[in-house]
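> Fold the following, please.
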Amino acid sequence: MLNGQAIAKRVALLVEQNVEDSEFQIPYKALKKAGAKVVVLGSRMNEAYKGKQGNVSVKADATTTEVLAKDFDAVIIPGGMAPDAMRTNRNTVRFVRDAIAQGKWVAAVCHGPQVLIEGDLVRGKRVTGFKAIRQDLRNAGAEVVDEPLVVDGNLITSRRPGDLPIFTTAILKRLGLSVPDTTLPNETDRDADWWKLGEAWGGSSKSEIVQGLNTAVAGERYGLEAFEHYAENATDAEMSRVFLAICAIRQHHITLLENRLDSLGEKQSLPASASGVYAHLKTWLQFSRGDASLLRRALGDLQTGVIDMYKLRNKLTDPATVAIFDTMEVNLASEEPQVANLYHTRLVAETIEPPQPTSRPAMVG
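Numbers count the residues shown, from 1 in each chain. Below is the predicted model of the structure:
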């Protein structure tokens, strides 16, 4: 207390070029609303840092060279491509290392733990991070788990933009902060309306979440109809069985997506382009040439679906919706080798052509 007034918490928010916009914006806005003093730290004076998605443009308040960890209560490391630059700056790594040693809260999301790896700060720690760096974390001696939020000692980690409302709530609570007129849910409550916090703090709006869900529904409805036709036209019984099993998974995905729309008080609304995509599929089937052609088309569908779902999953900041997209991506990726195995074991004698990209309802992002 100073003259009867509480001293504002001071939080260092690291930044570099191509930072993931939402991973910078959401903690920044939430902490400001909670009355914290947020100090943006870069590596160079007078440089304008821009976000990976083009939504962030900010000048740092100071650099990691000129500040001391003892003057802050917490340090936040957002992701994107920024941590790859942060980890090459010895002053930034030193600053984070000092913060950990002094018992300050250090929170890293997505690719942010790359800075922790560089400082040898995850050895023996339980952490999480973006899928692409999890093996790097293991190699650095960490116990890696796939959870929205992991807290070990004074270290807080999360995986992706979809975890941001939970990640930011964890930071606020550990700093003893609250946001006016806002109830912060229990971090383990997966049924809480986390999307509302994300939206209030500058993340995905409800309309963007609904658009993403409808885009995913359109893609899965295309996949369901496509694989029903592939199963019907295949002459190989095993092929038909695999295709029908994929249809069952597509139907399950559609149910999950529709249930999420219902929970948001929204209804399904397929894009107008979907009917044209289905018509193209039926035309293609009229001129397809046997099982080899069907398998190549099916493989292309699955590969396109994996990429589309990966992009969509990393775009939104609603934990519940992103969890569905994550399940869908995993299922699509597991189906791809099944179809590839059918191709290699049954049609190896035929001329091999690369899988052709297929037209699906366009995914957001």
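> Residue 95 touches residue 72, doesn't it?
No: under the contact definition of CB atoms under 8 Å, residue 95 does not touch residue 72, with a separation of 9.1 Å. All C-beta atoms are positioned from the backbone trio N, CA, C, and that covers glycine.
> where in this structure is pLDDT low?
1-6, 270-289, 347-365 (pLDDT under 70).
> Strands along that one, start to end?
Counting by DSSP state E, the chain has these strands, from start to end: 10-14, 37-42, 48-50, 57-59, 62-63, 74-77, 105-109, 126-127, 143-144, 150-152, 155-158.
> Using CSV, lay out the ones you listed together with mean neighbour count and distance to residue 267.
Shown next, in CSV, are these (neighbours: other CB atoms under 10 Å; distance: least, CB to CB, whole Å):
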stretch, mean neighbour count, distance to residue 267
strand 10-14, 24, 39
strand 37-42, 20, 39
strand 48-50, 15, 38
strand 57-59, 13, 37
strand 62-63, 15, 49
strand 74-77, 27, 38
strand 105-109, 27, 33
strand 126-127, 21, 40
strand 143-144, 18, 39
strand 150-152, 18, 36
strand 155-158, 26, 31
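> Can you add distance to residue 238 and give those back as JSON lines?
As requested, the strands of the chain are arranged in JSON lines below (distance: least, CB to CB, whole Å):
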{"stretch": "strand 10-14", "distance to residue 238": "53"}
{"stretch": "strand 37-42", "distance to residue 238": "57"}
{"stretch": "strand 48-50", "distance to residue 238": "52"}
{"stretch": "strand 57-59", "distance to residue 238": "55"}
{"stretch": "strand 62-63", "distance to residue 238": "62"}
{"stretch": "strand 74-77", "distance to residue 238": "49"}
{"stretch": "strand 105-109", "distance to residue 238": "44"}
{"stretch": "strand 126-127", "distance to residue 238": "42"}
{"stretch": "strand 143-144", "distance to residue 238": "37"}
{"stretch": "strand 150-152", "distance to residue 238": "42"}
{"stretch": "strand 155-158", "distance to residue 238": "42"}
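> coming back round to it: joint contacts of residue 95 and residue 72?
Both residue 95 and residue 72 are contacted by residue 12, under the criterion CB atoms under 8 Å, 6 or more residues apart in numbering.
> Nearest to residue 250, out of the strands of the chain?
Across the strands of the chain, the minimum distance to residue 250, taken as CB to CB, is reached by strand 155-158, at 29.7 Å.
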